[in-house]
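[1] This is the structure alone, sequence omitted:
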């Protein structure tokens with residue numbers, strides 16, 4: 001899953017990376033948490049000057065997806081993530097997968113390795129960032145929820161996929177990463193069906209991210225400074241041993 005992430009680059013970097021016409025300034029955010037506003041990139045109805053490509057715009061949404069049919073948010077779970085394997089057919093996300101796919105700019109995300117209770121080991125937080133050090137785009141979904149009094153709230157979720165082997169040493173899920181050359185195809189909800197972008201919802205390459213152990217400062221939402229990304233070690237948990245069959249047909253951990 002993805003329960004915390006950061007966006008610490010400048011607004012100009014975001015604007016240039018995603019080809020935005022304009023973008024208001026915003027501060028570096030080191031510990032973005034559920035229910036907080038997050039920046040997402042959407043495809044607009046306007047066309048780029050001298051091009052047939054739609055303009056891209058940045059909007060703020062509440063991180064916590066609310067389908068339009070929800071009557072009372074208090075009676076509905078907080079959906080910060082959507083499983084890419086089932087989002088196309090799941091009632092909560094079906095309409096957004098077809099009509100409101102977005103990109104979520106990020107500098108990286110946090111994940112926790114939680115050992116078995118029997119081990120007696122404490123949980124370890126990791127700051128997981130792209131090795132190239134630039135912006136990464138998570139695949140996201142957006143929905144506008146309307147209350148009975150007519151007020152509206154834009155909401156969003158981040159799509160996740162089974163983790164690659166590297167991240168799988170920490171957690172079994174990771175955000176879906178959309179490559180720059182696929183931004184237009186992911187955002188094209190007018191001519192692109194969900195099945196046409198299913199091939200984009202795959203784990204990132206093994207060497208795309210690096211995981212940095214950090215302190216438990218990140219656990220508290222109130223901690224929002226760069227100190228939460230300070231390394232406290234340089235090791236990952238051991239890789240999980242694959243389960244296979246021996247020559248004798250018996251299951252083996254080796």
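    The structure has been received and is ready for your questions. Please read all numbers here as calculations on a predicted model, not as lab measurements. Numbering: from 1, shown residues only.
[2] Residue 187 contacts residue 43, correct?
    Yes. Here residue 187 lies in contact with residue 43, judged by C-beta atoms under 8 Å, at a distance of 4.0 Å. Quick note: C-beta positions are derived from backbone N, CA and C, even for glycine.
[3] who touches both of those two?
    When C-beta atoms under 8 Å, 6 or more residues apart in numbering defines a contact, the residues bordering residue 187 and residue 43 alike are 54, 56.
[4] How many neighbouring residues does the spatially closest residue to residue 88 that is not a sequence neighbour have?
    Residue nearest to residue 88 in three dimensions, not counting chain neighbours: residue 194, with 4.6 Å by C-beta to C-beta, 6 or more residues apart in numbering. Other residues near residue 194 number 18, with proximity taken as other C-beta atoms under 10 Å.
[5] Return the distance of residue 194 relative to residue 60.
    In this view, residue 194 and residue 60 are 25 Å apart by C-beta to C-beta, to the nearest Å.
[6] Repeat that for residue 179.
    24 Å.
[7] can you give me the strands for the protein?
    Taking DSSP state E as the criterion, the chain contains strands spanning 4-7, 29-32, 37-47, 54-63, 81-83, 101-106, 108-113, 124-130, 136-146, 152-162, 173-175, 209-214, 244-245, 251-252.
[8] Tell me what residue 20 is bridged to.
    With DSSP bridges applied, the residues forming beta bridges to residue 20 are residue 56.
[9] sorry, back to before: right, and the strands of the chain - which one's nearest residue 95?
    Checking the strands of the chain against residue 95 by C-beta to C-beta gives strand 136-146 as the closest, at 7.3 Å.
[10] ok and the closest one relative to strand 124-130, angle-wise?
    Comparing the axes of strand 136-146 and strand 124-130 via axes from the mean of the first three to the mean of the last three C-alpha atoms, to 10 degrees yields an angle of 100 degrees.
[11] how about strand 136-146: buried residues?
    Within strand 136-146, the residues scored as buried using 16 or more other C-beta atoms under 10 Å are 136-143, 145.
[12] Give me the pLDDT for residue 245.
    With respect to pLDDT, residue 245 scores 38.
[13] pretty sure residue 45 is in contact with residue 54, am I right?
    Yes. Using C-beta under 8 Å, residue 45 is in contact with residue 54, at 7.0 Å.
[14] between those two, who's got more neighbours?
    Summary of the neighbour comparison: residue 45 and residue 54, criterion other C-beta under 10 Å, with residue 54 having more neighbours (18 against 8).
[15] Quick check: closest non-adjacent residue to the more buried one.
    Closest residue to residue 54 apart from its sequence neighbours, by C-beta to C-beta, 6+ apart: residue 43 at 4.7 Å.
[16] show me what contacts the one you found?
    The contact partners of residue 43, by C-beta under 8 Å, 6+ apart, come to 54-57, 184, 187-189.
[17] Show me what the helix ranked longest in the chain is packed against.
    Counting by DSSP state H, the longest helix found in the chain is helix 11-18. Packed against helix 11-18 by the contact rule (3 or more C-beta pairs under 8 Å, 6 or more residues apart in numbering; DSSP states H and E) you find strand 54-63, strand 101-106.
[18] now the angle between strand 136-146 and that helix, please.
    Counting by the same axes, to 10 degrees, helix 11-18 lies at 90 degrees to strand 136-146.
[19] Buried residues of helix 11-18, list them for me.
    Along helix 11-18, the positions that meet the burial threshold by neighbour count (16+ other C-beta under 10 Å) are 11, 13-15, 17-18.
[20] Just the mean pLDDT for that helix, thanks.
    96.
[21] quick check: angle from it to strand 54-63?
    Using the same axes, to 10 degrees: helix 11-18 against strand 54-63 is 120 degrees.
[22] Name the surrounding residues that touch helix 11-18.
    When contacts are defined by C-beta under 8 Å, 6+ apart, helix 11-18 is touched by residues 7, 20, 22-26, 39, 41, 56, 58, 103, 105, 134-135, 137, 180, 183.
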